[in-house]
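**Q** Sharing a model that was predicted from the sequence below.
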Amino acid sequence: MSDSKQAAQSYQEKMVRQREEGKSLMNDVEIHRGDVILDLGCGTGELSAYLAELVGQDGRVVAVDPDVKRLQVARESHGEVKNLAFHEGSSSNFPRMGSETYDIVFANYVFQRIQDKEEAFKNMFRSLKPAGKIALSYGDHFLSGFQKIYRGLQNSEMIELMLSKLYFERRSKIEGMYPLQTSRGIRWPKLQQVIKMSKSKDVAKSYQHVSLFQREHGQKLIDDVEIHRGHVILDLGCGTGELSAYLSELVGQDGRVVAVDPDSYRVEVARESHGEVKNLAFHEGSSANFPGMGSETYDIVFSNFVFHWIQDKEEAFKNMFRSLKPAGKIVLSYGDRLPSFVDKFYRQLQNSESMERMLSKRWYERRANMEEMCSAAGLDIIKSVDVKMDDFEFESVESMCSYFWATNQGRFVSELATRDKVSRFCAQYTSGENSKPLTVYTDEGDYYCVLIAAKP
Ligand SMILES: C[S@@+](CC[C@H](N)C(=O)[O-])C[C@H]1O[C@@H](n2cnc3c(N)ncnc32)[C@H](O)[C@@H]1O
């Protein structure tokens, strides 16, 4: 039946309404040029082609469907679109599954056809970039209008067969399956529903508000090195740019600061907050790719609490070395292990899966190894020390949770941090749930590291 190419073609013609609704769903999720999108259950690919237009040549769309006939029609109709690729696949098997590749997973009228929805949610989650979004429309029950039409046109055997391929699940249950921080259900007219992940930019904005610890200690670190007017500084992993702006004041109008971060939302927030500063430019980039890399441009490479997020540290050291002027310096703060109070917080308030997800993006390296890599890159170490961590102060329980949410770029799952668990944590490790400020006690042995080194 639906396996024939003819059925696929007639599907292409009849799905006009679904397509229109799919377009409104797209409008609802802010698609940016450059986005990488998975169109799950793409059918004959009309919406995939539309998505490909929206993301432009810098972006791309990966479109999958288990129905090979529909894919054949899709390829015939849209095969020439350069930034669009069709693949046979499903919610349990699609390109780059589990590799944090996609900005958006889009699935229009697909979920009622997926039997194992929990697995589908997990796979989508594992495949989204941090703060990526899913945009779904689905039926959560069999519409009575359709029932009447089916009854009029089909016999009970056919109806049974059709229904056996539909797995309706109520919206409240679907919402409960989504392992994200702030999922929001929006009821649409008719049977459409959308679930959105917390807006990625919200996570970045929240980082800007809660990153006091990073800012205070970053400022101390800056004040610890001699920064001259006229200096050219790279702020590697600049986050939302508060310290970059401070550095740009110190170097004055004759100097300049180049600030890079791989998180495009943080860069966007940084530009909105400090875009008017003349001697400061923000770029999306990383330790493997930044302006002036390899060209002896910088007097200082400053990188505050970033190195434990960098996987290939040897490469990072080499790139910094090649980019420093002779006698230029690197100035780093980093964690060489997970502080034990943070470990306790995660263990008590998260589950093993979310912990694994959070920790999978941190690459702690012991101080001795960091020193070795630094020297191997050709830098002379001036200072390499542990700095004891003082107790953390938060305005309230909520701001404590926001801190862990935002600093983990949205991977901390707030829903898992239930009232009971928070109360238990507060009773054991803080000045008390209702105290203001709320002091979270660090452990005696909690510290972070500072490394300052110079190019000969
Ligand atoms: C704890 S934040 C610190 C941000 C800022 N330096 C501050 O002190 O507020 C760590 C930052 O490192 C960035 N980052 C992660 N991997 C990176 C890489 N390979 N190169 C440069 N920055 C990276 C993250 O996007 C994040 O904004």
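**A** Perfect, thanks for sending it. Numbering: from 1, shown residues only.
**Q** CA atoms for contacts and neighbours, from now on please.
**A** Noted.
**Q** Contact residues of the protein facing the ligand?
**A** 214-215, 218, 236-239, 261-263, 286-287, 303-306, 309-310 (C-alpha under 6 Å from any ligand atom).
**Q** try 8 Å this time
**A** 208, 211, 214-215, 218, 235-243, 260-263, 266, 285-288, 303-307, 309-312, 316, 407 (C-alpha under 8 Å from any ligand atom).
**Q** and D420, what are its phi and psi?
**A** phi -60, psi -40 (degrees, to the nearest 10).
**Q** F394 now?
**A** Per degrees, to the nearest 10, the backbone of F394 is at phi -130, psi 150.
**Q** wouldn't it be in contact with L438 here?
**A** Yes: at 5.1 Å, F394 and L438 qualify as touching, with contact defined as C-alpha atoms under 8 Å.
**Q** mind showing which ranges of the chain have poor pLDDT?
**A** Counting by pLDDT under 70, the chain has low-confidence residues at 1-18, 21, 140-166, 172, 174-199, 410.
**Q** element containing the most centrally placed residue in it, please.
**A** The residue lying closest to the centre of the chain (C-alpha atoms, centre = their mean) is P130, at 1.4 Å. Element membership for P130 (DSSP states H and E) is strand 128-137.
**Q** That strand: which residues count as buried?
**A** Within strand 128-137, the residues scored as buried using 16 or more other C-alpha atoms under 10 Å are L128, K129, P130, A131, G132, K133, I134, A135, L136, S137.
**Q** tell me what that strand is packed against?
**A** helix 16-28, strand 102-108, strand 193-196, helix 200-210 (3 or more C-alpha pairs under 8 Å, 6 or more residues apart in numbering; DSSP states H and E).
**Q** Send me the last one as CSV with only the CA atoms.
**A** Which is helix 200-210. Taking C-alpha atoms only, helix 200-210 is exported to CSV below (Å, rounded to 0.1, in the frame of the first residue of the first chain):
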residue,chain,number,x,y,z
SER,A,200,19.8,28.6,23.9
LYS,A,201,20.3,32.3,24.2
ASP,A,202,18.6,32.2,27.6
VAL,A,203,21.3,29.9,28.8
ALA,A,204,23.9,32.3,27.6
LYS,A,205,22.1,35.3,29.2
SER,A,206,21.8,33.4,32.4
TYR,A,207,25.6,32.6,32.3
GLN,A,208,26.2,36.4,32.1
HIS,A,209,24.2,36.9,35.3
VAL,A,210,25.4,34.0,37.4
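**Q** May I see the buried residues of that helix?
**A** Those would be S200, K201, D202, V203, A204, K205, S206, Y207, Q208, V210, for helix 200-210 by 16+ other C-alpha under 10 Å.
**Q** I'd assumed G132 was in contact with the fourth one.
**A** No: with contacts counted by C-alpha under 8 Å, V203 stays clear of G132, the gap being 10.7 Å.
**Q** hmm, back to that, take the residues of the chain next to the ligand and keep only those in strands.
**A** D235, L236, V260, D261, S303, N304 (DSSP state E).
**Q** Could you export those residues as CSV, including neighbour count?
**A** Output for those, formatted as CSV (neighbours: other C-alpha atoms under 10 Å):
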residue, neighbour count
D235, 24
L236, 25
V260, 28
D261, 25
S303, 23
N304, 24
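**Q** In terms of distance to D380, which of these ranks first?
**A** Lowest distance from D380 to those (C-alpha to C-alpha) belongs to S303, with 17.1 Å.
**Q** Closest one of the buried residues of strand 128-137 to the ligand?
**A** Distance to the ligand across the buried residues of strand 128-137 (C-alpha to the nearest ligand atom) is lowest for P130, with 10.1 Å.
**Q** residue contacts, the closest one?
**A** E100, S200, Q409, G410, R411 (C-alpha atoms under 8 Å, 6 or more residues apart in numbering).
**Q** Try it again at 10 Å.
**A** Residues near P130 by C-alpha atoms under 10 Å, 6 or more residues apart in numbering: E100, T101, Y102, D103, S200, V203, D263, N408, Q409, G410, R411.
**Q** now N351
**A** F412, V413, L416, A417.
**Q** State the number of residues packed around Y138.
**A** Y138 has 19 neighbours, counted by other C-alpha atoms under 10 Å.
**Q** Quick check: the farthest pair among the buried residues of strand 128-137?
**A** P130 and S137 (21.7 Å).
**Q** phi, psi of L324?
**A** phi -80, psi 140.
**Q** so it touches F302, yeah?
**A** No: between L324 and F302 there is no contact under C-alpha atoms under 10 Å: 11.1 Å.
**Q** who touches both of these two?
**A** Joint contacts of L324 and F302 (C-alpha under 10 Å, 6+ apart) are I233, L234, I330.
**Q** Closest one to the ligand out of those residues, please.
**A** L234 (10.7 Å).
**Q** Can you give me the neighbour number for the closest one?
**A** 29.
**Q** Surely S295 forms part of a helix?
**A** No: assigned with DSSP: H, G, I helix; E, B strand; the rest coil, S295 falls outside any helix and is coil.
**Q** what about T439, how many neighbours?
**A** 21.
**Q** Quick check: bridge partners of it?
**A** Counting by DSSP bridges, T439 is bridged to E393.
**Q** Contacts only, for it.
**A** Neighbours of T439 in contact, by C-alpha under 10 Å, 6+ apart: 391-397, 400, 426, 429-433.
**Q** List only buried entries from those.
**A** F392, E393, F394, S396, V397, M400, C426, Y429, T430, S431, G432, E433.
**Q** all helices for the stretch 51-200 of the chain, in order.
**A** 68-78, 117-127, 144-153, 156-163, 171-177, 200-210 (DSSP state H, counting those that start in this stretch).
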